[in-house]
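Participant: sequence unavailable; structure follows:
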């Protein structure tokens, strides 16, 4: 089972290293306040025995906005295929009546999602440009740095967006395959109008086990092993990047700890490399107290992390809203899935693009954490490196 084939260009996908979930069709779009009742009702009517394997049975895909007061959008697929870490694969069909759940209906849904897609060769023409002037972005970075130096903030993440306009509609399935080729170890997703490949795990829950892998502090990759190794050592030695990273780790630890019977983390950050950049990362792992918190409870507690917002959180978000010059929407929030038992995985919504309804426009986002030693032009270069993840997947001559 290839989850990319299940998703194609009009389904849903959340996958990393071949493990994840893909869905087709929309059985329901669920408001956040109705989520628990909806999942409980489906489980009660669908199973004589409860499902215990995370991701098996009813699963919803979620898009969590950057701003905490905005509501999450959840999509319940009609048909899902889940590939689990133990190598097994499960499929779930959801319908309004028992007649919609016949063996014939299941086999037809399975057949439709496993039929091979014939590759097609096509060309397109693109225009790429900044949605806000670069000068405005540099001014926002300078203002954030000055606010940190004055003691108003410890860190603020300043981002910018660019736009890719295509002559013909973009092929989502082709973009997902190109992301798999270059970013297979990232969390690749296509949910709603958001597509991307995030290297950063916000939080996952499997039973009582909780994990998070925050990333903060970035340097480019050149493709030359010796140069990249030198840049990685400089990243680890950088006071600016270590400060930026520590702020994020402390917040994630302090937020998760009240939900846990124990919580452990790596004593020193390691370098996490993807195709175009490398980050400082620290794995945090623990055991949830009983009754275990749902993954969505933890997502809401963590989102947005200082890796995408800043610290103190409320002050940083207010500063960003007044200074940045555009609305982030889902960028900087969270993207992932959860099941009826509270298990799930959510990544930070970065290295992403928001697609227009007609698929002819893609809006890309990139940002960086600003602290006292930040230099505006260096921050601009960092966003340019981060943009390459999606640009290389979207633009094909």
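Facilitator: Arrived safely, thanks for sending. Just so you know, these numbers come straight off a predicted model, no measurement behind them. Residues are numbered from 1 along each chain as shown.
Participant: from the chain's centroid, how far away is stretch 307-326?
Facilitator: Mean-position distance between stretch 307-326 and its chain equals 19 Å (C-alpha atoms, centre = their mean, to the nearest Å).
Participant: with stretch 229-242 instead?
Facilitator: With C-alpha atoms, centre = their mean, you get 25 Å for stretch 229-242.
Participant: which residues touch that stretch?
Facilitator: The contact list for stretch 229-242 (C-beta atoms under 8 Å, 6 or more residues apart in numbering) reads 216-222, 269, 271, 273, 278-280, 371, 373-374. Every residue, glycine included, has its C-beta placed from N, CA and C.
Participant: that stretch - what's its average pLDDT?
Facilitator: For stretch 229-242, mean pLDDT rounds to 88.
Participant: check which helix or strand residue 157 maps to.
Facilitator: Per DSSP states H and E, residue 157 falls inside strand 155-166.
Participant: ditto for residue 135
Facilitator: helix 134-149.
Participant: what are the buried residues along that helix?
Facilitator: By neighbour count on 16 or more other C-beta atoms under 10 Å, the buried set for helix 134-149 is 137-138, 140-145, 147-148.
Participant: swap in stretch 29-36?
Facilitator: By 16+ other C-beta under 10 Å, the buried positions in stretch 29-36 come out as 30, 35.
Participant: same check, this time on stretch 94-102
Facilitator: So stretch 94-102, judged by 16+ other C-beta under 10 Å, has buried residues 94-95.
Participant: just the residues contacting it, thanks.
Facilitator: Stretch 94-102 is contacted from outside by 27, 42, 46, 58, 76-79, 93, 105, using C-beta under 8 Å, 6+ apart.
Participant: least confident pick among the residues you listed?
Facilitator: Least confident of the contacts of stretch 94-102 in the model: residue 46, at 63.
Participant: which element follows the lowest-mean-pLDDT helix or strand in the chain toward the C-terminus?
Facilitator: None of the helices or strands of the chain scores lower by mean pLDDT, DSSP states H and E than helix 35-46, at a mean of 79. The helix or strand immediately downstream of helix 35-46 is strand 59-64, counting by DSSP H and E.
Participant: for that following strand, packing partners?
Facilitator: Here strand 59-64 is seen to pack against strand 19-31, strand 73-83, strand 187-191, helix 295-302, strand 334-339 when contacts are counted using 3 or more C-beta pairs under 8 Å, 6 or more residues apart in numbering; DSSP states H and E.
Participant: between strand 334-339 and it, find me the angle.
Facilitator: With axes from the mean of the first three to the mean of the last three C-alpha atoms, to 10 degrees as the basis, strand 59-64 and strand 334-339 are set at 150 degrees to each other.
Participant: for the record, mean pLDDT for strand 59-64?
Facilitator: 96.
Participant: quick one: strands adjacent to it?
Facilitator: Sheet pairing for strand 59-64, assigned by DSSP bridges, gives strand 73-83 (antiparallel), strand 334-339 (antiparallel).
Participant: run the chain-centre distance for stretch 256-271.
Facilitator: The answer for stretch 256-271 is 20 Å, by C-alpha atoms, centre = their mean.
Participant: how about the contacts made by the residue nearest to residue 26 when sequence neighbours are not counted?
Facilitator: Closest residue to residue 26 apart from its sequence neighbours, by C-beta to C-beta, 6 or more residues apart in numbering: residue 75 at 6.0 Å. Residues near residue 75 by C-beta under 8 Å, 6+ apart: 12, 23, 26, 28-30, 60-62, 191-192.
Participant: ok, of the residues you listed, which come out buried?
Facilitator: Buried by 16+ other C-beta under 10 Å: 12, 23, 30, 60-62, 191-192, out of those.
Participant: coming back round to it: any chance of the helices and strands packed on strand 59-64 in CSV, plus distance to residue 101?
Facilitator: Shown next, in CSV, are the helices and strands packed on strand 59-64 (distance: least, C-beta to C-beta, whole Å):
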stretch, distance to residue 101
strand 19-31, 11
strand 73-83, 11
strand 187-191, 24
helix 295-302, 27
strand 334-339, 18
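Participant: and the next helix or strand past the one helix or strand residue 197 maps to?
Facilitator: For residue 197, the element it lies in under DSSP H and E is strand 194-198. Using DSSP H and E, the helix or strand that directly follows strand 194-198 along the chain is strand 201-206.
Participant: next, the angle from that following strand to strand 59-64.
Facilitator: On the basis of the same axes, to 10 degrees, strand 201-206 is oriented at 150 degrees to strand 59-64.
Participant: partner strands of strand 201-206 and their direction?
Facilitator: Strand 201-206 has these partner strands in its sheet, going by DSSP bridges: strand 209-213 (antiparallel), strand 344-348 (antiparallel).
Participant: thinking again about what came up before, which of the contacts of stretch 229-242 fall in strands?
Facilitator: Secondary structure assignment by DSSP state E places 216-220, 271, 273, 278-280 of those in strands.
Participant: show me what contacts the spatially closest residue to residue 7 that is not a sequence neighbour?
Facilitator: With sequence-adjacent residues excluded and distances taken as C-beta to C-beta, 6+ apart, residue 7 is closest to residue 13, at 3.9 Å. Taking C-beta under 8 Å, 6+ apart, we find residue 13 in contact with 3-4, 6-7, 20-23, 176, 188-191.
Participant: any idea how far the helix or strand where residue 13 lies is from the chain center?
Facilitator: For residue 13, the host element (DSSP H and E) is strand 12-16. Taking C-alpha atoms, centre = their mean, one finds the center of strand 12-16 at 10 Å from the center of the full chain.
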